[in-house]
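1. Below is the sequence, then the predicted model.
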Amino acid sequence: MAPARVQAVAQSGFQSIPSEFVRPVYERPARETFNEFEIPLIDLSSLQVDELREKTVAEIGRASQEWGIFQVVNHGIPDELVQRLQAAGREFFDLPLEEKEPYANLDGVTDDRFEGYGTQLKCTSDGRQGWSDFYFHMVWPPSLIDFNKWPKHPPFYREVTEEYGRQVLGVVDKLLSAFSINLGLEESTVRNALGGENLEMELKINYYPACPQPDMALGVLPHTDMSALTVLKPNDVPGLQILRNNEWVTAKHVPDTLIIHIGDQLQTLSNGRYKSVLHRTLVSKDKVRMSWPVFCIPPLDLVVGPLNQLIDENHPPLFDAMTYREFKQRKKTKAMKQQSS
Ligand SMILES: O=C(O)CCC(=O)C(=O)O
Ligand SMILES: [Fe+2]
């Protein structure tokens, strides 16, 4: 039997949410204490301007070290394409539940990859859940895309999402070069350490239905992304929070930007110079929030460890080298143990 979708729970009309969605008191969003924060904003087009490149690379490096997250403007992805991507995702999620369920692909679930429509799997032993449904599928490289696992409705979904994937790769390339230069390495080093031409990208669509008790629930629970980096485009409903100086702060919504998260693989490659940022999301009482993260990941069998060039006697390796597959498995096991202790 398919698990209950959060969208179905939201539509049931109850004024109080089922207990599995109620966060323990220490995790509940105490809204009044939240500061709205503008996370560092970087003009990506400055990387193309000779006189500005060095300064911009330094800004990217600083944000990656001190925040683990930043936003970019003038990233080159046309707003019209972003609007169409978001319309396509919205139209899919607006379908009746029974038309989305065939995409759940439960048969194909392995520990390595999940593609399709779903609800946060109850991998935590306390069985608590975030207030969100999602859709996952590969967008790069073309050889790993199985279009049967993409939504077939609306009909323009495939065209806009393929194009968005290509455009995001352009942004990712610029950022990976900037990271290499900032770390004092040859420009292609970070990209090569993530698989070079075999670098992969997965698109996730998060769907957070309106929630009758938003102060008791979270959309996604606190986590760092396992990816190398994540390129995130939310709709205009605020909700992303990061842990900053031990306080959860809400990222201010700035139109026309993309949010860039440093994930665990870049933290490892950079031997801890860059920080993967702990984040979570809030839900809204009366609005649907949606977000489109693209996770840039190494191939599953590639070994990722601190780059040799960043290790010396003053900088011993802070992380073990292991395949991305093993990293994912270990992180999942650790999360389950923590929840049960
Ligand atoms: O919805 C968001 O803003 C963030 C979602 C997220 O962190 C994730 O899906 O990993
Ligand atoms: Fe995330």
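-> Noted; the coordinates are in hand. Just so we're clear, the structure is a prediction, and the values are computed from it rather than from any experiment. Numbering: from 1, shown residues only. Ligands and ions are numbered 1, 2, ... in the order given.

2. buried set for stretch 275-288?
-> 275, 276, 277, 278, 279, 280, 281, 282, 283, 284, 287, 288 (16 or more other C-beta atoms under 10 Å). C-betas here are computed from N, CA, C, even on glycine.

3. Please name the residues that touch the residue nearest to residue 274 when sequence neighbours are not counted.
-> Of all residues beyond its chain neighbours, the one nearest residue 274 is residue 64 (4.1 Å), with distances taken as C-beta to C-beta, 6 or more residues apart in numbering. The contact partners of residue 64, by C-beta atoms under 8 Å, 6 or more residues apart in numbering, come to 70, 179, 182, 262, 266, 270, 273, 274, 275.

4. Which helix or strand contains the second one?
-> Counting by DSSP states H and E, the element that carries residue 179 is helix 157-182.

5. Find the nearest non-adjacent residue to the residue in the stretch 101-250 of the chain positioned nearest to ligand 1, please.
-> In the stretch 101-250 of the chain, the residue that lies nearest ligand 1 is residue 240 (3.7 Å; C-beta to the nearest ligand atom). Leaving aside its sequence neighbours, residue 240 sits nearest to residue 251 (C-beta to C-beta, 6+ apart; 4.6 Å).

6. ok, that neighbour - contacts?
-> Contacts were defined as C-beta under 8 Å, 6+ apart; by that measure residue 251 touches 36, 37, 38, 39, 69, 71, 238, 240, 241, 242, 259.

7. from these, which is closest to residue 318?
-> Nearest to residue 318 out of the contacts of residue 251 is residue 69 (C-beta to C-beta; 20.1 Å).

8. who's in contact with the nearest residue in space to the closest one that is not next to it in sequence?
-> Residue nearest to residue 69 in three dimensions, not counting chain neighbours: residue 277, with 4.5 Å by C-beta to C-beta, 6+ apart. When the contact criterion is C-beta under 8 Å, 6+ apart, the partners of residue 277 are 67, 68, 69, 224, 242, 243, 261, 262.

9. other SSEs contacting the helix holding residue 179?
-> Contact partners of helix 157-182 among helices and strands, from 3 or more C-beta pairs under 8 Å, 6 or more residues apart in numbering; DSSP states H and E: helix 50-66, helix 79-93, strand 133-140, helix 189-193, strand 200-208, strand 229-234, strand 289-297.

10. Who does the residue in the stretch 151-300 of the chain positioned nearest to ligand 1 form a beta bridge with?
-> Distances from the stretch 151-300 of the chain to ligand 1, computed as C-beta to the nearest ligand atom, single out residue 291 as the nearest residue at 3.3 Å. For residue 291, the beta-bridge partners under DSSP bridges are residue 206, residue 234.

11. Which residues are in contact with it?
-> 205, 206, 208, 232, 233, 234, 235, 239, 240, 281.

12. where does the stretch 101-250 of the chain come near ligand 1, residue by residue?
-> 204, 206, 220, 225, 232, 234, 240 (C-beta under 6 Å from any ligand atom).
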